[in-house]
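Engineer: Generate a structure from the sequence data that follows.
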Amino acid sequence: MLRRRPKEKAPEIPAETVGVPAMTVDSIPIPPGDPLETYLIDTAAPVQLDNVDLDSSVLEELRGAGVSIVVPLVGQGELLGALYLGPRLSDQPYSTDDRKLLANLASQVAPAMRVAQLVRQQQIEAKERERIQQELEVAALIQHTLLPRELPQRSGWGVDAFYRPARAVGGDFYDFIDLSDGRLGVVIGDVTDKGVPAALVMATCRSMLRAAAARHDTPGAVLADVNDALVDEIPPAMFVTCLYATLDTESGGMTIANAGHNLPYIRTGDGVIELRATGMPLGLMSGMEYEERQHDLRDGDVMVLTSDGITEAHDPNGEMYGFSRLLGRVAAPVQDGRFVAAIVDDVERHTGPHVEQEDDITLVVVRRTDSARHSAQAFTMGPEGSDILATFSVSSEEGNERIAIDKVSALVADLGLEGGRLERLETAVGETVMNAIEHGNHFDSSLDVVVEVATTSDTVVVRVTDHGGDEEIPKATEPDLEAKLAGEQTPRGWGLFLIDQMADEVTTTSLDGMHTVEFVINKTGEN
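Structural biologist: Alright, predicted model coming up:
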């Protein structure tokens, strides 16, 4: 026979405990290294504090707060937390079953707590990475905004620059300053830090240099002025190395002052020389004086300015590129005057393709071209009633017609060219400049193609000049593919034919060794 077992009677709760709220205490942390922490990790089970004898201040604090049992939450040998329990309201001691229940609870809570801690830590790290990324983006914006957007264009001179930071934001900078007397100021510098602090110091230093260059005629006085102003502004343990040169583009006379930066190399017809001028880095001590050195750049001379990211670049075996390699590279022959590309390529061959760049790389090259090779005269009058928008030049290297197209498009963006007339203008500019680079200057990068842009109320006028005036400009020829294949026609003249089709008016002239193609695009009319 089966008999239903009678229900057990629920235990009676003493009358004096009815309605008494559960005891609560403020959080009592167990400090790392406290003897109680070690004891709880080793035990990894509920601990009755009455049975514990340790020299621990937190143990006494827990007892004083009425804590009876501590249930450690242990994960991977680490005390993640603890549950504190006071005496039972029934005054009955905790039973073995109670302890097992608490131990089972702890075994489930500890992993969950560990996961929660890891998630929280990841959230904190993600926010920190986001903050750092935002700072880097701001710093990069500051830096890219302040670096020159265009290289200076001076007749008889070529100026090239290269900048590549090792991180999102670097400490290097360079600048070109148009001085009031017609000279050109050339700056290269390196802030001894990276990230936002370096970007802010770089911005401050650049502004100070430009302001000082307007007040002083000599490079030494400019650096002394900036140094005194920077001492009180620069953060501790930071300084700036900087070289400042002034160049008279008429005579070729140059004066430099150096605040602890890499020495400039001058490639001459007799070899490579170094210009040594002593001076402390900017921002270290006030009252510094800066020595000046002078040199006359002659036709064909080249000045090379670098940052230490070039000389201190290491190969996979730890060997530096060094000054001797740089000196040899500057002295070696360079095709078409491409000094920047030659030096950068040589450094990359030294470091190898898979070596992370250690420091910022900055390079400025100033070369004096043959004084007989002058750029064409800019619009002095222009078409009657015209406004001169800009005059600029591009070096005669393949693909630079794209630079000219982009610049002209930006200049005429607000002139209201109708329909496809902007596309016609861009095509005409690209074809004309490409012809000038290839057929006029024969891809000689020491020769510039000059582009001049003007506008009247009804038209856009573009003039493109190259150095091919000793050769006859071919007549515009309608392309005949069959005649070309038969050897009866060459592509020469096809470009002018395309320009004729795109423009509303086209004229060509040859004067003083220069070729000039001038074309007009009406702002309105049939496309």
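
Engineer: which SS state does Gly182 fall under?
Structural biologist: Three-state call for Gly182 (DSSP: H, G, I helix; E, B strand; the rest coil): coil.

Engineer: Count the residues that sit near it.
Structural biologist: If you count neighbours by other Cβ atoms under 10 Å, Gly182 ends up with 10. C-betas here are computed from N, CA, C, even on glycine.

Engineer: Let me see the contact set for it.
Structural biologist: Contact analysis of Gly182 by Cβ atoms under 8 Å, 6 or more residues apart in numbering lists Asp248, Thr249, Glu250.

Engineer: do the same with Arg210
Structural biologist: Contacts for Arg210 (Cβ under 8 Å, 6+ apart) come out as Asp175, Ile177.

Engineer: Secondary structure class of it, three-state.
Structural biologist: Applying three-state DSSP: Arg210 is helix.

Engineer: What separation do you get for it and Ala203?
Structural biologist: Distance, Arg210 to Ala203, by Cβ to Cβ, to the nearest Å: 11 Å.

Engineer: joint contacts of those two?
Structural biologist: Shared contacts of Arg210 and Ala203 (Cβ under 8 Å, 6+ apart): none.

Engineer: Can you say which helix or strand has Arg114 in it?
Structural biologist: Assessed by DSSP states H and E, Arg114 sits inside helix 96-146.

Engineer: That helix: how far from the chain's middle?
Structural biologist: Relative to its chain's centre, helix 96-146 lies at 30 Å (Cα atoms, centre = their mean, to the nearest Å).

Engineer: In the chain, what helix or strand scores lowest on average pLDDT?
Structural biologist: Lowest on mean pLDDT, DSSP states H and E among the helices and strands of the chain sits helix 481-485, with a mean of 45.

Engineer: Walking through this structure, point out its helices one by one.
Structural biologist: Here the chain has its helices, by DSSP state H, at 35-43, 57-64, 96-146, 195-215, 219-231, 308-311, 322-331, 339-351, 401-411, 421-435, 481-485, 494-502.

Engineer: could the ones you listed be laid out in CSV, adding distance to Gly279?
Structural biologist: Formatted as CSV, the helices of the chain follow (distance: least, Cβ to Cβ, whole Å):
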stretch, distance to Gly279
helix 35-43, 58
helix 57-64, 60
helix 96-146, 23
helix 195-215, 14
helix 219-231, 6
helix 308-311, 16
helix 322-331, 19
helix 339-351, 25
helix 401-411, 37
helix 421-435, 43
helix 481-485, 63
helix 494-502, 53
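
Engineer: need the least confident one among these, by mean pLDDT.
Structural biologist: For these, mean pLDDT drops lowest on helix 481-485, to a mean of 45.

Engineer: Show me how the chain divides into domains.
Structural biologist: The chain breaks down by automatic domain parsing into domains covering 15-118, 147-368, 387-522.

Engineer: Select, out of the ones you listed, the one closest to Lys127.
Structural biologist: When the domains of the chain are compared by Cβ to Cβ, domain 15-118 sits nearest Lys127, at 15.0 Å.

Engineer: Is it correct that Arg88 is in contact with Tyr94?
Structural biologist: Yes: under the criterion of Cβ atoms under 8 Å, Arg88 makes contact with Tyr94 at 6.7 Å.

Engineer: Indicate which one of the helices of the chain is closest to Asn441.
Structural biologist: The nearest among the helices of the chain, by Cβ to Cβ, is helix 421-435 at 10.0 Å.

Engineer: Which secondary structure elements does the closest one sit against?
Structural biologist: With contacts taken as 3 or more Cβ pairs under 8 Å, 6 or more residues apart in numbering; DSSP states H and E, helix 421-435 sits against helix 401-411, strand 448-455, strand 459-466, helix 494-502, strand 514-522.

Engineer: can we see that at 6 Å?
Structural biologist: helix 401-411, helix 494-502, strand 514-522 (3 or more Cβ pairs under 6 Å, 6 or more residues apart in numbering; DSSP states H and E).

Engineer: Report the distance from the longest one to the chain centre.
Structural biologist: So that's helix 401-411. The answer for helix 401-411 is 24 Å, by Cα atoms, centre = their mean.

Engineer: Ok, the second one next?
Structural biologist: On the basis of Cα atoms, centre = their mean, the separation between the geometric centre of helix 494-502 and that of its chain is 41 Å.

Engineer: just the angle between that helix and strand 459-466, please?
Structural biologist: 170 degrees (axes from the mean of the first three to the mean of the last three Cα atoms, to 10 degrees).

Engineer: so helix 494-502 versus helix 421-435, what angle?
Structural biologist: 160 degrees.

Engineer: by contact count, what packs against helix 494-502?
Structural biologist: Under the contact definition 3+ Cβ pairs under 6 Å, 6+ apart, helix 494-502 sits against helix 421-435.

Engineer: Show me what the helix it packs on is in contact with.
Structural biologist: Residues outside helix 421-435 that contact it (Cβ atoms under 6 Å, 6 or more residues apart in numbering) are 401, 404-405, 408-409, 449, 464, 495, 498-499, 502-503, 517, 519, 521.

Engineer: okay but Phe162 is in contact with Thr362, surely?
Structural biologist: No: with contact defined as Cβ atoms under 6 Å, Phe162 does not count as touching Thr362 (7.0 Å).

Engineer: re the thing from before, just give me the closest of the contacts of Gly182 to Asp444.
Structural biologist: Closest to Asp444, out of all of those and judged by Cβ to Cβ, is Thr249, at 20.2 Å.

Engineer: List the residues that contact the closest one.
Structural biologist: Contacts of Thr249 by Cβ under 6 Å, 6+ apart are Arg154, Trp157, Leu184.

Engineer: same check, this time on Val412
Structural biologist: The contact partners of Val412, by Cβ under 6 Å, 6+ apart, come to Val460.

Engineer: Tell me the predicted confidence for it.
Structural biologist: For Val412, the pLDDT comes out at 90.

Engineer: cool, and Ser510?
Structural biologist: The model's pLDDT for Ser510 equals 77.

Engineer: Just list whatever residues bridge to it.
Structural biologist: His515 (DSSP bridges).

Engineer: Can you give me the distance of it to Gly468?
Structural biologist: For Ser510, the distance to Gly468 - Cβ to Cβ - is 8 Å.

Engineer: ok, the two, which is more surrounded?
Structural biologist: Each of Ser510 and Gly468 has its neighbours counted (other Cβ under 10 Å); Gly468 has more, 20 against 14.

Engineer: Phe392 versus the more buried one, what's the distance?
Structural biologist: Distance check for Gly468 against Phe392: by Cβ to Cβ, it reads 19 Å.
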